[in-house]
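Trainee: The sequence isn't on hand, but the structure is:
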């Protein structure tokens, strides 16, 4: 007897119901991506080892899944490395390929490789799985999908305004209202660090500031001091602690604080224009706010930063994020290509929608019509009817053999089929079929050659 | 300067045009799968090493990509194995996971793991990539998609008849006419081996017979002899060399040849019923023929065998195949679950459709309307118009900045946009926008608040 099979830690099987739900979300995202002029690309699941390594920091390098070379991979391996059991030293000798860790680095690689075929500005979207050898926990998996849209080779705040609209339209089309689109600007953060004299402590400063809502001003200041930020700097940053309420007030306060930082003021100006554009365009599913504590991807982004929070009634981290980066493709030798992009967190959006009961009930129904199989002769008529219904786009099926009728009805019930069709010997004699309405009850007969009348009731 | 990046051998980047074409095919397959009552599942990209190894023969084991364990993977490795540079011995010690090699074994694993949640008969489809460390060549890649539909827990020939219809409907909906669906039956092959007394040479016999069309009877017989099949056996098999033309004649000849093999006769009977059912249902895109030389997956299938050949005008191997297997899940300890399934070869179908020019031209167009950007003020009006068009399902875009108008038109041209919208300062003053028809020539102006009139012309 074989051992009961299992799947690797942090991976998942998706049942028909789960696939339908995930495809519902992916479909909504894809539809909006395309309406906004983005075009799909796909890249290989594995890249060359060198393409990925060193692009995500030390932690990232560790979390990248490497693929063992095929064949006699140890042949050329260094004997000393083997003797020392030096795993880190051996890895590049026996693994030339590695699984995609995100969609951004492969996209940068794509742009550089295909730069002569691409018309810039290039608006691409990409919806594919990525893999990370992370410790699994709620909402964090070793295999998960990313849904990214990026524009490269375009400057101007219109792009940023478009991405805010894109977020809004996707969430509106999913019925996921009450999301908060948070904005910040890398130059505002740099400006703050500059004026308070803590440029070297920017990350610590922002991480602490981010906790203001949860732990209060006193503890935030204590944490800042602990991290080596001077009292003087903390005192200078005081206006930040009062930043809340309307964006206009926040912008005014920032303008005061950053008066001596041209960089910081430029950031404030861009945020102001972006918020103005967004106000003018309007939002359906959520609101757009300034959040000066937002600091995702600090080493990476160079302009506007986005993050989307789920509705406040749901406990969940961010369900999307992105920003502008001025040198996406520099790592592969192509300089001065500015990019801006956003990402949707499929798994988390799925969890939020489940919690809020936002999936349409119809998603769970995979079959519109089910035919009972009464025997070989009857089944032929049933199969012909089923094929006709399918040609009209109706999802129809026939039980594969003449099992007991009770068993077949039970099966139809489990599959939640709204209409069951009966073609027994009596129907066959009369040249009819009978339709039983499994929800409303009652049944109705149609001549076999009037099948279109029945089909019409379904597509109506 | 970084090295020019590349991608691993046997993998591919897909451009927007290629993704659109592949999605066109996948969409057609998925649509028919769902109309036929199949439900989607997805399984992880990597499985446990033990789940995959030993399921595809020795050759398969070699072609499976293994994933290197994370962290200090050499720590527990056997020192002797390392010292001997014993790659094969080391592999199971440092790789607990492996990339999916096909969709069938993961499906069997899924059925066994989830048997208590599944309602049998279970009709599932699965469209996901698989990976093989094969030598790349035309139409063969290291990463490629499989599109599988299988039914488990169902007996009866209705299923087989349904799969023939399914093949036909998919190819018809793609406009890929002239395909040939070939049928054979494992029991017919066993019967032949039995009656000619060459049961132990069945594979060699069938491989040789398969070449009849290409190399002629004499050379086929020579090859059979070379492989150790007796002259006596070859003489007895003589009727097979004349099998051609109408299925009814072929069936009669087989019935004579297999008169003393109850197994063989059962196979003939099933083929006869299946061909009869298919004749009754009719086919749109192709024909269905008996091909007694068809022997795919000989060790695997136990009943009907399918294979689809591309239209004769195209040089291409099979573009689909499948069959019935009586013990799919036995490898994971669940006995007596009969299955039958088919697969579509996405990459080859794509190549065939390209060669025959069957992709709709509209697939190459990703944008319906493109707005010229004349400056910040004009762009705001343009963006509002673009957002409105998008809300009507129209794919519309605005150039991200006020680059030279000639450059913007050139971009619109490269993206093959049918309508370019102009909102310059004159239009803005008049409260209008101008639409230029890029194919028919000519242009027309609309009041900005009559944008729906323009939208109507696009959706008409």
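Mentor: It's in. Because the structure is predicted, anything quoted here is derived from the model rather than measured.
Trainee: Would you check that residue A:7 makes contact with residue B:45?
Mentor: No. Residue A:7 lies out of contact with residue B:45 (CB atoms under 8 Å); the separation is 10.7 Å. For every residue, glycine as well, the C-beta is placed using N, CA and C.
Trainee: In terms of neighbours, single out the busier of these two.
Mentor: residue B:45 (23 against 19; other CB atoms under 10 Å in any protein chain shown).
Trainee: how about the more buried one, what does it touch?
Mentor: A:11, A:45, A:99, A:129, A:131, A:143, B:99, B:100, B:128, B:129 (CB atoms under 8 Å, 6 or more residues apart in numbering or on different chains).
Trainee: ok, now which ones touch the residue nearest to the fifth one when sequence neighbours are not counted?
Mentor: What that stands for is residue A:131. Spatial nearest neighbour of residue A:131, excluding adjacent residues (CB to CB, 6 or more residues apart in numbering or on different chains): residue A:99 at 4.1 Å. Contacts for residue A:99 (CB under 8 Å, 6+ apart) come out as A:45, A:46, A:64, A:65, A:66, A:67, A:130, A:131, B:45, B:67.
Trainee: Up against chain B, what does the stretch 201-350 of chain A have?
Mentor: A:277, A:280, A:281, A:331, A:332, A:333 (CB under 8 Å from any CB of the partner chain).
Trainee: which residues are in contact with stretch A:227-237?
Mentor: With CB under 8 Å, 6+ apart, stretch A:227-237 has contacts from A:192, A:195-198, A:201, A:204-205, A:208-209, A:221, A:224-225, A:257.
Trainee: Apply 10 Å and report the result again.
Mentor: Stretch A:227-237 has contacts (CB atoms under 10 Å, 6 or more residues apart in numbering or on different chains) with A:192-193, A:195-205, A:207-209, A:220-225, A:240-241, A:257.
Trainee: Which ones among those lie within strands?
Mentor: Nothing among these maps onto strands, per DSSP state E.
Trainee: Need the residues touching each of residue A:7 and residue B:45.
Mentor: The contact lists of residue A:7 and residue B:45 share B:97, B:106, where a contact means CB under 10 Å, 6+ apart.
Trainee: Double-check that residue A:147 belongs to a helix.
Mentor: No. Under DSSP: H, G, I helix; E, B strand; the rest coil, residue A:147 sits outside any helix and is assigned strand.
Trainee: got the contact list for it?
Mentor: A:25-26, A:29-30, A:33, A:103, A:125-128, A:170, A:320, A:342-346, A:349.
Trainee: What about those residues, which are in helices?
Mentor: Under the assignment DSSP state H, the contacts of residue A:147 contribute A:25, A:26, A:29, A:30, A:33, A:170, A:346, A:349 to helices.
Trainee: just to revisit the earlier point, which of the contacts of residue A:99 sits closest to residue A:293?
Mentor: residue A:130 (27.1 Å; CB to CB).
Trainee: you'd agree residue A:207 is up against residue A:226?
Mentor: No. Using CB atoms under 10 Å, residue A:207 is not in contact with residue A:226, being 11.6 Å away.
Trainee: Compare those two (neighbour count), which wins?
Mentor: Neighbours were counted for residue A:207 and for residue A:226 using other CB under 10 Å; residue A:207 has more, 16 against 10.
Trainee: quick one, what contacts the more buried one?
Mentor: Per CB under 10 Å, 6+ apart, neighbours of residue A:207: A:220, A:223, A:224, A:227, A:293, A:295, A:298.
Trainee: Where do the helices of the stretch 301-450 of chain A begin and end?
Mentor: Listed in chain order, the helices of the stretch 301-450 of chain A (DSSP state H, counting those that start in this stretch) span A:346-355, A:376-391, A:405-414, A:425-430.
Trainee: what is the mean pLDDT for the strand or helix carrying residue A:234?
Mentor: Per DSSP states H and E: residue A:234 is located in helix A:231-236. On average, the pLDDT along helix A:231-236 is 88.
Trainee: Return the residues of the stretch 351-460 of chain A in contact with chain B.
Mentor: Residues of the stretch 351-460 of chain A lying close to chain B by CB under 10 Å from any CB of the partner chain are A:366-370, A:373, A:376, A:379-380, A:382-384, A:386-387, A:389-403, A:410-415, A:417.
Trainee: Any of those residues buried? List them.
Mentor: A:366-370, A:373, A:379-380, A:382-384, A:386-387, A:389-390, A:394-403, A:411-412, A:415, A:417 (16 or more other CB atoms under 10 Å in any protein chain shown).
Trainee: coming back round to it: between the contacts of residue B:45, which sits nearest residue A:308?
Mentor: residue A:129 (20.9 Å).
Trainee: ok, that closest one touching residue B:44?
Mentor: Yes. The pair residue A:129 / residue B:44 is scored as a contact, 9.2 Å apart, by CB under 10 Å.
Trainee: Look at the two and report which has more neighbours.
Mentor: Using other CB under 10 Å as the criterion, residue A:129 and residue B:44 rank with residue B:44 on top: 23 against 19.
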